[in-house]
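Q: The following block contains a protein sequence and its predicted model.
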Amino acid sequence: MREETCKLLIIGGGPGGYVCGIRAGQLGLDTILVEEDTPGGTCLTVGCIPSKALIHAAEEFHKLRGFAGGTSPLGISAKAPAIDLAATVSWKDGIVERLTKGVAGLLKKAGTRVLAGRAEFVDGKTVRVRGPEGVCEIHAEAVVIATGSAPVELPFLPFDGKVIGSTEALALDAVPERLVVVGGGYIGLEIGTAFAKLGAQVTVVEATNRILPQYDTALTKPVLASLKALGVTVMTETRALGLSDAGLQVAQGEDYAEPCDLPADRILITVGRRPRSDGAGISELGLTMDGGFIRIDATCRTSMRGVFAIGDVTGEPMLAHRAMAQGEMVAEIVAGHRRRWDARCIPAVCFTDPEIVSCGLSPEEAKAQGIAIRTGQFPFAANGRAMTMQAETGFVRAVAREDNNVLLGLQAVGAGASELSAAFSTAIEMGARLDDIGAVIHAHPTQSEAVQEACLAALGKALHI
Ligand code: FAD
Ligand code: NAD
């Protein structure tokens, strides 16, 4: 058996692990990253990037279908478009390949060694890797667990070809005629909307009483209206029971006493993701856990000296940019820098139609913390740029402390609103007040003017409403 030693060993090459690997290499740390699949992890190979590629293709197709009727107010008409989903998927695979190769190149450039194979802890400082080049035992001074997450499967609906997870949904070679999506959260609605735009008849089955329960109803209302306009059936307070001859059997109503059958060609299960903390000998380390998540402190240290954990395996929010920020911080800590997690906010974007972006506290969250607030809202219907883009649905909302006007939160729902996330997080991280943003000259005509106006509205002095 081959043996290696290193200063830092990273298990998992997703956004958390690979960013940690790049920064560690740049800092001159002798680093090995072990990845059993493709560097880039869930995000690059089967998550963020592939889903956004599909969403884009679906939007283009949907636009053309809108023009095909010849009734567009823009005066554009077109012939009925066709979609070759296998070609779309192959285009998406090309983007994934470019990005994953790019990650491998960046790790190499930084001087970080990448070892292909599955890592398993022997003890807190020793990891055995089984891969194409045989077995290798690695002794490290510090280890980072960045093993990520995997989709939750419903025991009575195992993935089998007809019942699929997001990975399979992003690699279909034809648009299913009838798609039932179980779970009306991030993945179910992003992918469900895309397939509705591609022509599938989509039904969303959600256990709670509303879609996207992590966002307030003011933000989700326009998304629900748009799903309805697309012909998507949304069934809330509904539970999947199991397969039926035609598709999926579900139960609705009080005590779920009303069973009904939903015909389906594919059933997409998107009921959350679970941390990958149960394999790789992690359980045997006896780390302090929060449920299935590895408990970490403000420096991403676990309860075992020299063992760090980052990304989805450490808990919510399970977002790529949180994993990346943790990865960069841990590399710097191992290199001897004084760092700790002091982010005020982690922006979240849901790429539905319209998009939702949220940064910091919502009005309800601020009130729940006992903070007296003032809020301001500006509708895109009063924004010139939004009108020229036929994107008048939605609004920007500012939440600030009542006593000193410091911004606590910024949220928006609207077409293309994801791109406002940088302005939102920058304002909150810089400790901006309503009047700071209100006084910044925002370019005209842009959607970002609605951010300035929402802050002015909170001060009672909006200009264009
Ligand atoms: P992962 O990306 O899961 O990477 C973990 C890596 O570890 C994997 O490559 C795995 O192969 C490897 N690994 C695990 N165990 C071992 C072992 N024992 N040995 C060797 N290697 C191992 N987030 C966003 O911020 N924005 C989005 O738009 C977004 N869209 C998403 C869409 C979908 C469909 C999905 C599924 C997720 C999406 N996410 C999005 C979430 C995002 O993908 C994750 O938050 C992110 O990938 C987490 O990064 P990570 O490094 O913690 O783990
Ligand atoms: P989610 O938590 O967003 O949504 C799961 C939904 O399924 C919830 O609404 C829940 O109430 C519902 N549900 C749970 N059990 C159910 C059941 N038995 N029947 C019907 N409904 C049920 O989870 P997800 O959509 O699987 O996404 C997982 C994670 O991936 C997200 O939490 C997020 O962190 C990440 N993600 C992020 C993005 C983004 O940033 N744009 C996109 C996709 C995924």
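A: The structure has been received and is ready for your questions. In this text, all values refer to a predicted model and were calculated from it rather than measured experimentally. Numbers count the residues shown, from 1 in each chain. Ligands and ions are numbered 1, 2, ... in the order given.
Q: How confident was the prediction at residue 22?
A: Per-residue confidence (pLDDT) for residue 22: 98.
Q: That one and residue 111 touch, don't they?
A: No - judged on C-beta atoms under 8 Å, residue 22 makes no contact with residue 111 at a distance of 9.8 Å. C-betas here are computed from N, CA, C, even on glycine.
Q: Please identify which of those two sits among more neighbours.
A: Shown here are residue 22 and residue 111; by other C-beta atoms under 10 Å, residue 22 has more neighbours (23 against 16).
Q: Tell me the helix or strand right after the helix or strand of the chain with the lowest mean pLDDT.
A: Lowest by mean pLDDT, DSSP states H and E among the helices and strands of the chain is strand 258-263, with a mean of 91. From strand 258-263 onward toward the C-terminus, using DSSP states H and E, the following helix or strand is strand 266-269.
Q: And ligand 2, is that next one touching that?
A: No - under the criterion of C-beta under 6 Å from any ligand atom, ligand 2 is not reached by strand 266-269; the shortest gap measures 8.4 Å.
Q: Tell me which residues touch the closest residue to ligand 2 within the chain, please.
A: Ranked by C-beta to the nearest ligand atom, the top residue of the chain for proximity to ligand 2 is residue 185, at 1.7 Å. For residue 185, the contacting residues are 206, 211-214, 270-272, by C-beta atoms under 8 Å, 6 or more residues apart in numbering.
Q: coming back round to it: outside of the least confident helix or strand of the chain itself, which residues are in contact with it?
A: Outside strand 258-263, the residues that reach it (C-beta under 8 Å, 6+ apart) are 178, 180, 203, 205, 241, 244, 246-252.
Q: So which of the residues you listed would count as near ligand 2 as well?
A: residue 205.
Q: Tell me which two in the contacts of strand 258-263 are the farthest apart.
A: 178 and 251 (19.2 Å; C-beta to C-beta).
Q: In CSV, list the contacts of residue 185 along with distance to residue 73, pLDDT and neighbour count.
A: As requested, the contacts of residue 185 are exported to CSV (distance: C-beta to C-beta, whole Å; pLDDT from 0 to 100; neighbours: other C-beta atoms under 10 Å):
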residue, distance to residue 73, pLDDT, neighbour count
206, 34, 97, 23
211, 29, 97, 23
212, 30, 97, 21
213, 35, 94, 15
214, 35, 92, 14
270, 35, 98, 24
271, 40, 98, 20
272, 41, 98, 13
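Q: and those as TSV, adding distance to residue 430 and secondary structure?
A: TSV is the format used below for the contacts of residue 185 (distance: C-beta to C-beta, whole Å; DSSP: H, G, I helix; E, B strand; the rest coil):
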residue	distance to residue 430	secondary structure
206	37	coil
211	33	coil
212	28	coil
213	31	coil
214	25	coil
270	35	coil
271	37	coil
272	33	coil
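Q: from those residues, which is closest to ligand 1?
A: Once C-beta to the nearest ligand atom is applied, the member of these that ends up nearest ligand 1 is residue 270, at 8.0 Å.
Q: what residues are up against that closest one?
A: So residue 270 contacts 151, 165-166, 181-183, 185-188, 191 (C-beta under 8 Å, 6+ apart).
Q: again, only this time at 7 Å
A: 166, 181-183, 185, 187-188 (C-beta atoms under 7 Å, 6 or more residues apart in numbering).
Q: now, which of those residues lie within strands?
A: 181-182 (DSSP state E).
Q: Output those of the contacts of residue 270 also counted as contacts of ligand 1.
A: Among these, proximity to ligand 1 is found for 166, 187 (C-beta under 6 Å from any ligand atom).
Q: so which of the contacts of residue 270 is the most crowded?
A: Greatest neighbour count in the contacts of residue 270, by other C-beta under 10 Å, goes to residue 181: 29 neighbours.
Q: Mind listing the residues bridging to it?
A: Here residue 181 sits in beta bridges with residue 204, residue 268, going by DSSP bridges.
Q: Up against ligand 1, what does the stretch 351-465 of the chain have?
A: residue 351.
Q: Which residue ranges of the stretch 351-465 of the chain form helices?
A: 363-368, 384-388, 421-429, 434-439, 449-458 (DSSP state H, counting those that start in this stretch).
Q: Determine which stretch of the ones you listed is the most buried.
A: Counting by mean count of other C-beta atoms under 10 Å, helix 449-458 has the highest mean neighbour count of the helices of the stretch 351-465 of the chain, with a mean of 26.
Q: what's that one in contact with?
A: Residues contacting helix 449-458 (C-beta under 7 Å, 6+ apart): 374-378, 380, 383, 396-398, 400, 410, 420, 423, 434, 437-438, 440, 442, 462-465.
Q: now those residues: which count as buried?
A: Using 16 or more other C-beta atoms under 10 Å as the burial test, the contacts of helix 449-458 include 374-378, 380, 383, 396-398, 400, 410, 420, 423, 434, 437-438, 442, 462 as buried.
Q: where's residue 264 relative to ligand 1, distance?
A: Distance of residue 264 to ligand 1, given as C-beta to the nearest ligand atom, to the nearest Å: 20 Å.
Q: Now do the one helix or strand residue 137 maps to: which elements does it pack against?
A: Element membership of residue 137, judged by DSSP H and E, is strand 134-145. Judged by 3 or more C-beta pairs under 7 Å, 6 or more residues apart in numbering; DSSP states H and E, strand 134-145 is in contact with strand 2-11, strand 126-131, strand 307-309.
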